[in-house]
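Peer 1: build the 3D model from these lines:
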Amino acid sequence: MTVIVGLLCSDGLVIASDSQEGDEDLKRLDVKKVYETGHFGFKDAEVIVAGTGASAHIARVAELIGENGFASYPKTPRKVADIVEDSMGQMKARYGDDLDLELIVGVYCKSCPRDGDRPVPAIALYSVYPAEEDEKVGVAEVVTDYAATGSGGLVARYLLNRLHDESRPTASLTVEEAIREAVYVIEEVKKVDPYCGGPTQLLYIEKSTDGSTFRLLSKKPEEITSIVGKLSPADSDVKNQQRQIFLQACDNRDEKPSHGAPTTRAAAR
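Peer 2: Coordinates of the predicted model:
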């Protein structure tokens with residue numbers, strides 16, 4: 001089981017995952033769930049693929065994406081997404097309708113063409129679902145803000161929803177801000193979901209310093225540990241502020257008892 005989050009931000013995208021796999025009898029905390037360009041061999045694109053479910057299925061679909069994209073030069077993110085869709089279809093055909101596999105995919109294409117006077121977006125984030133019973137391939141849905149999946153996906157989406165709304169979408173974040181947010185969400189999910197754990201894995205595609213292109217990078221385990229250490233006291237401060245808000249709300253309610261009747265706390269004084 002897994003938790004994966006993906007965030008599309010102002011200058012790139014971020015994808016993060018836990019690394020636990022197991023059942024009631026045994027678990028591993030070093031499972032690879034995120035693959036990148038070097039594994040696929042794309043010549044004209046940077047790609048991150050993170051998967052839920054059994055690590056063997058994630059590794060197999062990564063192999064198929066590499067095989068289907070071999071010697072391919074996709075010019076748009078959607079062309080890469082089509083390759084991923086086809087690979088998911090092959091997984092269904094080989095392993096059946098009950099395949100427990102979902103993907104979050106980040107793509108940057110280096111030579112995107114123009115659509116008339118408009119440039120085609122060179123960077124995109126997708127959620128890729130397995131094929132339904134009457135479908136041949138999985139569907140790659142465009143993500144315009146954030147995505148979360150896996151057994152811890154509901155908790156992750158709740159946390160991301162608390163952090164973002166129409167006035168503050170993920171597009172307002174820089175990659176560095178999104179990295180800290182993704183680490184926070186994964187770490188919080190690992191606290192409550194018994195099927196999520198192990199070191200956090202994180203890769204990202206970030207605009208270069210001169211703004212002319214994007215590059216694919218990753219955070220090392222020690223860098224993620226450092227981020228967690230810096231976030232921990234800040235998280236404690238936020239929790240204390242929330243407690244104060246709740247207490248103040250109770251005090252305000254006590255000052256204005258309904259219909260002149262004393263509240264419980266007021267009557268107890």
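Peer 1: T209 sits in which helix or strand?
Peer 2: Counting by DSSP states H and E, no helix or strand carries T209.
Peer 1: in terms of pLDDT, where does it sit?
Peer 2: The model reports T209 with a pLDDT of 86.
Peer 1: with the one 3 residues further on instead?
Peer 2: The predicted local confidence for S212 comes out at a pLDDT of 82.
Peer 1: likewise for the one 4 residues further on?
Peer 2: pLDDT, L216: 96.
Peer 1: just give the number of residues close to it.
Peer 2: When neighbours are counted by other CB atoms under 10 Å, L216 registers 18. To be clear about C-beta, it is placed using only N, CA and C from the backbone, and glycine gets the same treatment.
Peer 1: for the residue lying closest to it once chain neighbours are set aside, give me phi and psi.
Peer 2: Spatially, and ignoring its direct neighbours in sequence, L216 is nearest to E46 (4.2 Å; CB to CB, 6 or more residues apart in numbering). Here is the backbone geometry of E46 (degrees, to the nearest 10): phi -100, psi 130.
Peer 1: show me what E46 is bridged to.
Peer 2: On the basis of DSSP bridges, E46 is bridged to Y108.
Peer 1: residues in contact with it?
Peer 2: Residues near E46 by CB atoms under 8 Å, 6 or more residues apart in numbering: 36-37, 107-108, 110, 205, 214-216.
Peer 1: contacting residues around V49?
Peer 2: 34-36, 40, 61-62, 65, 84, 103-105.
Peer 1: which pair of those residues spans the longest distance?
Peer 2: F40 and I104 (15.2 Å; CB to CB).
Peer 1: so between the two, which is more surrounded?
Peer 2: The neighbour comparison of F40 against I104 (other CB under 10 Å) goes to I104, with 28 against 25.
Peer 1: state the distance from the residue nearest to L216 to I205.
Peer 2: 6 Å (CB to CB, to the nearest Å).
Peer 1: just I65 next, same as before
Peer 2: Distance from I65 to I205, counting by CB to CB: 16 Å.
Peer 1: residue ranges in the stretch 151-269 of the chain under the pLDDT threshold?
Peer 2: The model of the stretch 151-269 of the chain has pLDDT under 70 over residues 252-269.
Peer 1: can you do 80?
Peer 2: Counting by pLDDT under 80, the stretch 151-269 of the chain has low-confidence residues at 250-269.
Peer 1: who does L13 bridge with?
Peer 2: According to DSSP bridges, beta-bridge pairing links L13 with L8, I205.
Peer 1: going along the chain, name the strands of the stretch 51-200 of the chain.
Peer 2: 103-109, 114-115, 118-119, 123-129, 139-143, 146-149 (DSSP state E, counting those that start in this stretch).
Peer 1: how about R162, what does it touch?
Peer 2: Contacts of R162 (CB under 8 Å, 6+ apart): none.
Peer 1: on that earlier part again, out of the strands of the stretch 51-200 of the chain, which is the most enclosed?
Peer 2: Most buried of these, by mean neighbour count (mean count of other CB atoms under 10 Å): strand 103-109, with a mean of 27.
Peer 1: elements contacting that strand?
Peer 2: strand 4-9, strand 12-17, strand 45-51, helix 77-95, strand 123-129, strand 201-207 (3 or more CB pairs under 8 Å, 6 or more residues apart in numbering; DSSP states H and E).
Peer 1: which among the ones you listed is found nearest to V137?
Peer 2: Across the helices and strands packed on strand 103-109, closest to V137 is helix 77-95 (CB to CB), at 3.3 Å.
Peer 1: next, the angle from that closest one to strand 45-51.
Peer 2: 40 degrees (axes from the mean of the first three to the mean of the last three CA atoms, to 10 degrees).
Peer 1: show residues contacting helix 77-95.
Peer 2: So helix 77-95 is contacted by 42, 45, 47, 49, 57, 60-61, 64-65, 68-69, 72, 74, 99, 101, 103, 105, 107-109, 121-124, 126, 128-131, 135-140 (CB under 8 Å, 6+ apart).
Peer 1: ok, 7 Å please
Peer 2: 45, 47, 57, 60-61, 64-65, 68-69, 72, 74, 99, 101, 103, 105, 107, 109, 121, 123-124, 126, 128, 130-131, 136-140 (CB atoms under 7 Å, 6 or more residues apart in numbering).
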